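Student: make a model of this:
(one chain, ligands or ions: 2)
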Amino acid sequence: MPAQFGTYQSEIYLQGLAGVVPPFTTDATALEAAARELLEPGPFGYVAGGAGSGATVRANREAFDRWRIVPRMLADATDRDLRTTVLGTELAAPVLLAPIGVQSIVHPEGELATASAAADLGVPMVLSTASSYSIEEVAEASGDGERWYQLYWPNDDDVTVSILERAERGGYTALVVTLDTWTLAWRPQDLDQSYLPFIRGVGTAIPFSDPAFRALLAQSPEEDRNSAVLRWVQMFTGVDKSWDRLAFLREHWDGPIALKGILHPDDARLAVDAGMDGIVVSNHGGRQVDGAVAALDALPAIAEAVGDRVDVLFDSGVRTGADVIKAISLGAKAVLLGRPWVYGLAHGGKEGVRHVLRGVLADLDLTLGLSGNRSLADLGRHTLMEITK
Ligand SMILES: Cc1cc2nc3c(=O)[nH]c(=O)nc-3n(C[C@H](O)[C@H](O)[C@H](O)COP(=O)(O)O)c2cc1C
Ligand SMILES: O=C(O)C(=O)c1ccccc1
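Tutor: Ligands and ions are numbered 1, 2, ... in the order given. The predicted structure is shown next:
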């Protein structure tokens with residue numbers, strides 16, 4: 001029996017009978033607006049903001065709005081199966097949590113709360129290299145939950161190997177290598193507040209726990225916080241990397257590897273040539289190249305270019321069940337959700353993350369059925385109409 005994600009809707013209505021409304025809004029836009037009220041301007045701007053003029057943040061949403069689902073009737077979609085397998089991981093639904101760094105800037109429990117919520121719901125989390133808690137602490141909070149690891153590729157091979165070994169030992173099964181953030185973009189909302197999470201509120205935002213990293217420091221991060229922060233930023237800045245260096249990661253990581261931040265079909269082909277197992281079509285939620293193509297607009301040509309030679313994942317702008325359906329219809333096997341559950345975390349820690357995830361999954365399940373589809377295999381270009389005017 002496939003998971004019944006739609007039960008969250010019934011639960012909410014049943015509580016409504018008793019006069020109780022949901023603890024947080026079920027609308028992604030309203031949740032962001034509420035987070036603006038709740039959070040300090042620094043952390044809120046950091047999470048919500050994008051690069052430059054915000055053109056790509058907007059383009060991500062506009063791209064979703066240009067595609068419309070064309071529902072089919074009397075299609076016997078009462079029982080639905082949302083399962084898929086991505087990078088060797090069996091998913092009950094095609095949804096994962098995108099890697100999000102420094103989660104303690106919105107809630108003290110940060111990644112621990114997120115990991116616990118994700119594990120409860122059987123949704124994999126992708127832990128960021130910039131996590132506020134260590135690889136080991138998050139593994140413990142995740143329990144037997146499925147977890148992947150996102151690598152910001154260090155400029156030091158010993159540190160890279162140390163991180164990869166810790167992630168493997170910690171039960172993280174797939175590696176996501178983010179390529180689009182080898183330096184932070186021009187982000188006016190952060191610049192205007194001089195807000196950088198690993199500078200403001202340091203001590204919690206990044207633990208600097210890696211032994212190989214600590215070995216590079218003249219003084220420990222506890223003794224000299226500023227030098228540790230600077231060294232850490234240097235460690236992840238600059239491109240001394242090239243496509244052939246991916247062989248190094250392959251050598252030191254046993255599981256599947258996906259490259260995150262792919263927007264050009266030729267880069268997708270290079271990922272295939274480099275022997276990668278997956279790609280994440282993403283513009284980092286519009287946070288890196290202002291004016292970059294919307295991730296959804298880049299998706300069809302990339303999916304076409306690689307076929308089934310690698311698993312194609314997608315993120316940037318996914319807010320609703322319908323958005324998930326659109327991304328799958330245009331060639332993604334699964335999507336990563338970013339900001340919405342971060343706002344959930346801000347509002348209610350683990351419960352807030354659970355609420356957002358259950359909402360998206362219920363919405364996805366209901367929208368799939370109401371548009372006359374029983375499984376992800378039913379979806380394709382034929383599911384959608386493009387509005388070109
Ligand atoms: C606050 C914040 C922190 C992020 N940190 C990381 C990170 O550490 N590593 C990474 O690969 N992507 C990071 N991202 C990008 C997300 O993984 C994802 O690509 C993006 O949020 C998707 O867009 P969406 O927020 O519109 O869903 C971050 C995004 C946000 C909003
Ligand atoms: O802010 C981001 O988008 C991001 O990827 C990041 C990078 C370093 C530390 C924290 C988050």
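Student: contacts, neighbours, all on C-alpha from now
Tutor: Noted.
Student: can you pull the buried residues of stretch 46-60?
Tutor: 46-52, 54-60 (16 or more other CA atoms under 10 Å).
Student: which other residues reach that stretch?
Tutor: Contact with stretch 46-60 is made by 32, 185-190, 195-197, 285-296, 316-317, 339, 342, as judged by CA atoms under 8 Å, 6 or more residues apart in numbering.
Student: the same query, at a cut-off of 6 Å, please.
Tutor: 186, 187, 286, 287, 288, 290, 291, 292, 294, 317 (CA atoms under 6 Å, 6 or more residues apart in numbering).
Student: do it and ligand 2 come into contact?
Tutor: No. Between stretch 46-60 and ligand 2, judged by CA under 6 Å from any ligand atom, nothing touches; the nearest distance is 7.0 Å.
Student: and stretch 320-337, does that touch ligand 2?
Tutor: No. Judged by CA under 6 Å from any ligand atom, stretch 320-337 and ligand 2 are separated, with a smallest distance of 13.4 Å.
Student: gap between the two ends of that stretch?
Tutor: The first and final residues of stretch 320-337 sit 10 Å from each other (CA to CA, to the nearest Å).
Student: distance from that stretch to the middle of the chain?
Tutor: Stretch 320-337 sits 13 Å away from the centroid of its parent chain (CA atoms, centre = their mean, to the nearest Å).
Student: give the buried residues for that stretch.
Tutor: Within stretch 320-337, the residues scored as buried using 16+ other CA under 10 Å are 320-337.
Student: out of the residues you listed, list just those in strands.
Tutor: Of the positions in these, 334, 335, 336, 337 sit in strands, assigned by DSSP state E.
Student: quick one: contacts for the last one?
Tutor: Counting by CA under 6 Å, 6+ apart, residue 337 makes contact with 97, 98.
Student: the top helix by length along the chain vs ligand 1: in contact?
Tutor: If you go by DSSP state H, the chain has its longest helix at helix 339-370. Yes. Using CA under 6 Å from any ligand atom, helix 339-370 reaches ligand 1 at residue 339.
Student: quick check: residues of the chain near ligand 1?
Tutor: 46-47, 98-101, 128, 130, 178, 282, 284-285, 315-318, 337-339.
Student: what does this protein put close to ligand 2?
Tutor: 101, 102, 130, 287.
Student: so which of those wins on neighbours?
Tutor: residue 287 (26 neighbours; other CA atoms under 10 Å).
Student: which parts of the stretch 151-300 of the chain are strands?
Tutor: With DSSP state E, counting those that start in this stretch as the definition, the stretch 151-300 of the chain shows strands at residue ranges 175-178, 257-262, 278-281.
Student: nearest to residue 9, out of those strands?
Tutor: Checking the strands of the stretch 151-300 of the chain against residue 9 by CA to CA gives strand 278-281 as the closest, at 30.2 Å.
Student: contacts only, for residue 374.
Tutor: 77, 80.
Student: for the closest residue to residue 354 other than its chain neighbours, pull up the helix or strand it's in.
Tutor: Among residues not flanking residue 354 along the chain, residue 117 sits closest, at 5.3 Å (CA to CA, 6 or more residues apart in numbering). Using DSSP states H and E, residue 117 falls within helix 110-121.
Student: mind saving the C-alpha coords of that helix as PDB?
Tutor: Presented in PDB, the C-alpha positions along helix 110-121 are these (Å, rounded to 0.1, in the frame of the first residue of the first chain):
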ATOM      1  CA  GLY A 110      18.800  24.000  13.200                       C
ATOM      2  CA  GLU A 111      19.800  20.900  11.300                       C
ATOM      3  CA  LEU A 112      19.000  18.600  14.200                       C
ATOM      4  CA  ALA A 113      15.300  19.600  14.100                       C
ATOM      5  CA  THR A 114      15.300  19.300  10.300                       C
ATOM      6  CA  ALA A 115      16.900  15.900  10.300                       C
ATOM      7  CA  SER A 116      14.400  14.500  12.800                       C
ATOM      8  CA  ALA A 117      11.400  15.900  10.900                       C
ATOM      9  CA  ALA A 118      12.700  14.500   7.600                       C
ATOM     10  CA  ALA A 119      13.400  11.100   9.100                       C
ATOM     11  CA  ASP A 120       9.900  10.900  10.600                       C
ATOM     12  CA  LEU A 121       8.400  11.500   7.200                       C
END
